[in-house]
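[1] quick one: sequence plus predicted model below, questions after.
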Amino acid sequence: MAIVKCQECKARFEAKRKDAKWCLKCKEGKIKERSWSFEKRKTKQCIDCGKPIYRRSIRCHLCDNKSRVESNKGANNPNWKGGRTQTTDGYITIKAKRPGKKSPNQLEHIVVWEEANGIIPQGWVIHHLNGVRDDNRLENLFAMPRKRHSPKLVFKPYEERIKHLEAKLDEHKA
């Protein structure tokens, strides 16, 4: 503890540090004075809610955040990828409406297959012929009963697909 002289009122006071400049009363007065000048700088009003704001601002902090959220939705967002996102297991989801489904996010390979062929029968799955889960071209998709959807049973369509693709390659080379 040190006895120090206040720079404002010249009174002596006890302070924890010897480089203290103001006594408690003068310090409180300085804080009030600063807060008054802080409010004095707020001369304009927010265009949305009417709260006082700084001269260079257009909106208050809360209204500005709300307007940024609205202006960065969907395709206006810098991280927008066309509504396509990849799941952790490698499938692509898109924003699409399907009958009987509540969620706006649907698996892209199912949507692509249903647009071309109609609704998938119950108990059936859509299989990627080349095994690449984000390759959702129609020629890569194959509908099959869930019971047949195992690595051993799926191998036969792969062989047929490989033969078909090799024939296409031979045609292009010739």
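    Good, I have the coordinates.
[2] after the least confident helix or strand in the chain by mean pLDDT, which helix or strand is next?
    Ranking every helix and strand in the chain by mean pLDDT, DSSP states H and E puts helix 24-40 at the bottom, with a mean of 69. The helix or strand immediately downstream of helix 24-40 is strand 44-45, counting by DSSP states H and E.
[3] what's the first helix or strand after that following strand?
    strand 52-53.
[4] following that next one, which helix or strand comes up?
    Moving toward the C-terminus from strand 52-53, the next element (DSSP H and E) is helix 61-71.
[5] hmm, who's touching that next one?
    46, 47, 48, 49, 57, 58, 59 (C-beta atoms under 8 Å, 6 or more residues apart in numbering). Yep, even glycine has a C-beta here, placed from its N, CA and C like the rest.
[6] please pick the buried ones from those residues.
    When the contacts of helix 61-71 are checked for burial by 16 or more other C-beta atoms under 10 Å, the buried set is 46, 57, 59.
[7] got JSON lines for these, with pLDDT too?
    Converted to JSON lines, the buried ones among the contacts of helix 61-71 look like this (pLDDT from 0 to 100):
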{"residue": "46", "pLDDT": "91"}
{"residue": "57", "pLDDT": "86"}
{"residue": "59", "pLDDT": "91"}
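[8] wait, which of those is closest to residue 119?
    Taking C-beta to C-beta as the measure, residue 119 sits nearest to residue 59 out of those, at 48.3 Å.
[9] closest one to residue 162 out of the contacts of helix 61-71, please.
    Nearest to residue 162 among the contacts of helix 61-71 is residue 59, at 61.1 Å by C-beta to C-beta.
[10] name the nearest residue to the closest one, sequence neighbours excluded.
    Leaving aside its chain neighbours, residue 59 sits nearest to residue 46 (5.1 Å; criterion: C-beta to C-beta, 6 or more residues apart in numbering).
[11] do the same with residue 43
    Using C-beta to C-beta, 6+ apart, the closest residue to residue 43 is residue 55 (5.6 Å).
[12] so what does the one you found look like in phi/psi?
    Main-chain dihedrals, residue 55, degrees, to the nearest 10: phi -60, psi -40.
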